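1. the following block contains a protein sequence and its predicted model.
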Amino acid sequence: MAVDATLTWPDGRQRCRWCNPQNPLYIAYHDAEWGVPCHDDHRLFEMLVLEGFQAGLSWECVLNKRDGFRQAFDGLDASVIARYPDEKLEALRQDSRIIRNKLKIRAARTNARVFLAIQEEWGSFDAYLWHWTDGKVIYERDCTRSLLSDQISADLKKRGMTFVGTTIIYAYLQAMGVIYSHDEGCFKSIPPSAY
């Protein structure tokens, strides 16, 4: 689907239709982060946690609280979160800097433990994630799930992760650049011939 050419952007560039032209944080995220292939385990974990918190909400809501999440969750360090006692999880439920959903907070700890186990098994989460595509970027648009997200979601669930359904994982893969999905007409889109 093409971008909405009627939107007015501060710099005159056209962007994906989901990006809010009134939110500088969202514009910066779209322009510099979303869809850029990521191989940094710390960022891969951070985004996995944040995508889980997005379930049932908008990404913009989570993005607006990202700094609060980083502060409340000790820099979103998997090795620290994996060791959180129940008391810390309860304290997080009172922290207005984050989304205070009990199940999602608990999932952050559970998923940190599985994330560390995957690092141990594969050498890095990066190696695990990118092996699904043999290190290649997938180019597709206008999807909310795929066979790839189905497979990764099923594997992560089998390993014990929660809040990693196929739609969440698809959004995660787009954010991390495994799947490249910038809208046609967006200044970040690739030539149509690559599709």
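-> Thanks, I have the structure now.

2. off-centre distance for the longest helix belonging to the chain?
-> Ranked by number of residues, the top helix in the chain under DSSP state H is helix 102-122. Offset of helix 102-122 from its chain centre (Cα atoms, centre = their mean, to the nearest Å): 15 Å.

3. neighbouring contacts of that helix?
-> Applying Cβ atoms under 8 Å, 6 or more residues apart in numbering, the contact partners of helix 102-122 are 41, 45, 48-49, 52-53, 55, 73, 78-79, 81-82, 84, 89, 92-93, 98, 125, 128, 131, 156, 159-164. Any C-beta I mention is one placed from the backbone N, CA and C, and that applies to glycine too.

4. in that helix, which residues are buried?
-> In terms of neighbour count (16 or more other Cβ atoms under 10 Å), helix 102-122 has its buried residues at 104-116, 118-119.

5. element containing the closest residue to residue 77 other than its chain neighbours?
-> Using Cβ to Cβ, 6 or more residues apart in numbering and skipping the chain neighbours, the partner closest in space to residue 77 is residue 42 (7.3 Å). Per DSSP states H and E, residue 42 falls inside helix 41-54.

6. could you give the angle of that helix to helix 102-122?
-> Angle, helix 41-54 to helix 102-122, by axes from the mean of the first three to the mean of the last three Cα atoms, to 10 degrees: 150 degrees.

7. contacts for helix 41-54, please.
-> For helix 41-54, contacts defined as Cβ under 8 Å, 6+ apart pick out 38, 61-62, 66, 69-70, 73, 76-78, 81, 98-99, 101, 104, 107-108, 111-112, 115, 119, 124-126, 129, 162-164, 168-169, 171-172, 175-176.
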